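**Student:** need a 3D model of the following:
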Amino acid sequence: MMQSIRGRLLALAAAWLGVALLGAFLLISSLLHDFVTDRFDAEAAAIADSLIGELEVEDGRVGLDDTPVDARFRLPLSGWYWQVEAGDALVERSDSLLDGRLSGPAGDFTGGAGRDADGAGLRILRRQVTIPDSDAPIAITVTAPMAQIRDSLRHIIRPLAAALAVLGLGLAAASLIQVTAGLKSLARLRVDLARVRAGDAPRLAMPDVTELRPLASEINAALDQNAVLLSRSRQHLGNLAHSLKTPLAALSNDLPADHAGQALIARMDRLIGWHLRRARQQGGRVLGQQTPIAPVIEDILLVLRWPMLDKGITARIDCPPDATFPAERQDLEEMIGNLCENAVKWGRSRMRISVVMGPILRLTIADDGPGLAPDQAPKALARGGRLDEQGPSGAGLGLAIVADLATLHGGELRLERSELGGLAAIVDLPA
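**Tutor:** Alright, predicted model coming up:
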């Protein structure tokens with residue numbers, strides 16, 4: 001089954017055009033055949049009338065006072081023949097018939113098909129009359145060659161077929177233009193929906209076609225509902241975080257710092273943070289968002305300024321001023337924040353943040369720390385995975401959260417060796 005609406009419409013139009021043109025060709029051909037045949041019959045009837053007018057009886061014998069002067073009746077075996085019979089006796093015949101004789105059933109102005117002595121097809125017209133002073137019935141036969149009738153039809157049918165073919169091509173082109181113009185609004189709706197998905201527009205513009213307006217309204221309603229549900233989900237998650245973390249903080253304050261339960265509380269806090277962030281990611285994202293990247297980087301570095309000063313780390317930023325992230329600011333802050341925190345923890349003196357725009361949005365955060373071996377990357381991306389338990393403190397969730405967020409937005413996180421000698425965290429996202 002053809003899956004394209006355009007293909008279905010064009011196939012249906014082509015089928016109907018083919019049937020209509022074929023039907024028109026057969027009908028017109030039949031009418032032309034009758035017209036050409038009637039013309040030949042009329043001509044043969046005129047010859048028969050002229051022969052009847054020339055009949056005479058002398059001494060009881062039937063004869064002709066004069067014969068037709070048409071040159072076709074003098075050309076031997078031309079197919080144009082005439083013959084006059086009185087009873088079983090041949091009265092006279094055309095020169096073209098030579099010594100042959102036409103035979104067959106008689107009929108008053110009745111056309112029939114036959115063949116002459118040469119085997120050529122003939123159109124036969126026979127009349128039977130009586131005249132005074134003659135006791136024998138007189139039969140007058142006039143024939144026309146079927147080859148000439150077919151040639152006459154062919155000269156008409158060929159231009160007819162060509163004309164209908166040109167008409168069919170014109171109608172096919174008109175159908176293609178009509179279908180293309182009719183589906184242009186659907187293509188425009190697809191482009192508008194892509195702009196919403198990319199964050200260039202918050203909602204769909206109302207189409208200029210009445211039939212598509214209900215669809216656009218339903219899509220806009222779905223976008224609004226998506227935003228409302230996501231907002232409610234985050235509000236509930238925030239409430240849940242507060243209700244869980246507050247008792248844990250109270251327990252932590254009540255227990256001595258060296259109590260064995262502090263490790264369990266820390267672990268529970270990390271797990272709660274992980275699952276809350278994971279649930280937030282799976283809650284979906286608001287379509288139609290577009291977040292500038294440079295201000296987010298500046299805000300993250302402002303928050304990390306004291307840890308960077310303590311370690312003497314300098315940051316270099318290569319980000320186009322018009323670079324944007326096609327989603328919400330919170331997701332971008334989560335990814336850049338975790339990667340920058342990781343670079344500050346492990347870096348020695350330098351960090352580089354670069355953003356490259358194109359078909360793929362590439363965000364790279366590199367440091368000059370110890371880096372990772374190729375076989376260490378899977379463990380670093382696993383939830384709670386830490387490669388050095390004696391290193392800087394942390395929950396071991398940052399890189400895993402970034403990887404999950406990148407996957408949520410159709411991208412990926414890769415860990416490679418940086419030009420600075422340490423780790424390069426590369427996030428590729430559809431732009």
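
**Student:** dihedrals phi and psi, Gln128?
**Tutor:** Per-residue torsions, Gln128: phi -120, psi 120 (degrees, to the nearest 10).

**Student:** confidence score at it?
**Tutor:** Note for Gln128: predicted pLDDT of 84.

**Student:** I'd say it and Ile138 touch.
**Tutor:** Yes. Using CB atoms under 8 Å, Gln128 makes contact with Ile138 at a distance of 7.0 Å. Any C-beta I mention is one placed from the backbone N, CA and C, and that applies to glycine too.

**Student:** ok, the two, which is more surrounded?
**Tutor:** Between Gln128 and Ile138, counted using other CB atoms under 10 Å, the more crowded position is Ile138 (20 against 14).

**Student:** the more buried one and Leu55 touch, don't they?
**Tutor:** Yes. Judged on CB under 8 Å, Ile138 makes contact with Leu55 at a distance of 6.7 Å.

**Student:** which residues touch Thr130?
**Tutor:** Listed by CB atoms under 8 Å, 6 or more residues apart in numbering, the contact partners of Thr130 are Pro137, Ile138.

**Student:** let me fix that: Pro132
**Tutor:** Here Pro132 is in contact with Val57 (criterion: CB under 8 Å, 6+ apart).

**Student:** wait, a helix at it?
**Tutor:** No. Secondary structure of Pro132 (DSSP: H, G, I helix; E, B strand; the rest coil): coil, not part of a helix.

**Student:** how near is it to Asp65?
**Tutor:** 15 Å (CB to CB, to the nearest Å).

**Student:** could you do Pro378 as well?
**Tutor:** Taking CB to CB, one finds Pro378 at 119 Å from Asp65.

**Student:** what of Arg232?
**Tutor:** Look at Arg232 and Asp65: by CB to CB, they are 114 Å apart.

**Student:** ok, now Leu122?
**Tutor:** Note on Leu122: its distance to Asp65, by CB to CB, is 27 Å.

**Student:** likewise Leu164?
**Tutor:** Leu164 is 50 Å from Asp65, by CB to CB.

**Student:** residue contacts, Thr314?
**Tutor:** For Thr314, the contacting residues are Met308, Ser349, Arg350, Met351, by CB under 8 Å, 6+ apart.

**Student:** which stretches in the stretch 251-400 of the chain count as helices?
**Tutor:** Assigned helices in the stretch 251-400 of the chain, in chain order: 261-282, 293-303, 305-311, 329-346, 377-381, 398-408 (criterion: DSSP state H, counting those that start in this stretch).

**Student:** let me have these in JSON lines, adding mean neighbour count, distance to Arg414 and mean pLDDT as columns.
**Tutor:** Shown next, in JSON lines, are those (neighbours: other CB atoms under 10 Å; distance: least, CB to CB, whole Å; pLDDT from 0 to 100):
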{"stretch": "helix 261-282", "mean neighbour count": "15", "distance to Arg414": "19", "mean pLDDT": "65"}
{"stretch": "helix 293-303", "mean neighbour count": "16", "distance to Arg414": "19", "mean pLDDT": "91"}
{"stretch": "helix 305-311", "mean neighbour count": "12", "distance to Arg414": "24", "mean pLDDT": "90"}
{"stretch": "helix 329-346", "mean neighbour count": "21", "distance to Arg414": "12", "mean pLDDT": "88"}
{"stretch": "helix 377-381", "mean neighbour count": "15", "distance to Arg414": "8", "mean pLDDT": "72"}
{"stretch": "helix 398-408", "mean neighbour count": "20", "distance to Arg414": "9", "mean pLDDT": "83"}
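
**Student:** which of the ones you listed sits closest to Phe73?
**Tutor:** Counting by CB to CB, Phe73 lies closest to helix 398-408 out of these; the figure is 96.0 Å.

**Student:** which element follows that closest one toward the C-terminus?
**Tutor:** strand 412-417 (DSSP states H and E).

**Student:** so that following strand versus helix 398-408, what angle?
**Tutor:** Per axes from the mean of the first three to the mean of the last three CA atoms, to 10 degrees, the angle that strand 412-417 makes with helix 398-408 is 140 degrees.

**Student:** any buried residues in strand 412-417, and which?
**Tutor:** Leu413, Leu415 (16 or more other CB atoms under 10 Å).

**Student:** starting from it, tell me which strands it pairs with and how they run.
**Tutor:** Applying DSSP bridges, strand 412-417 is found paired with strand 423-430 (antiparallel).

**Student:** what mean pLDDT does the partner strand have?
**Tutor:** 92.
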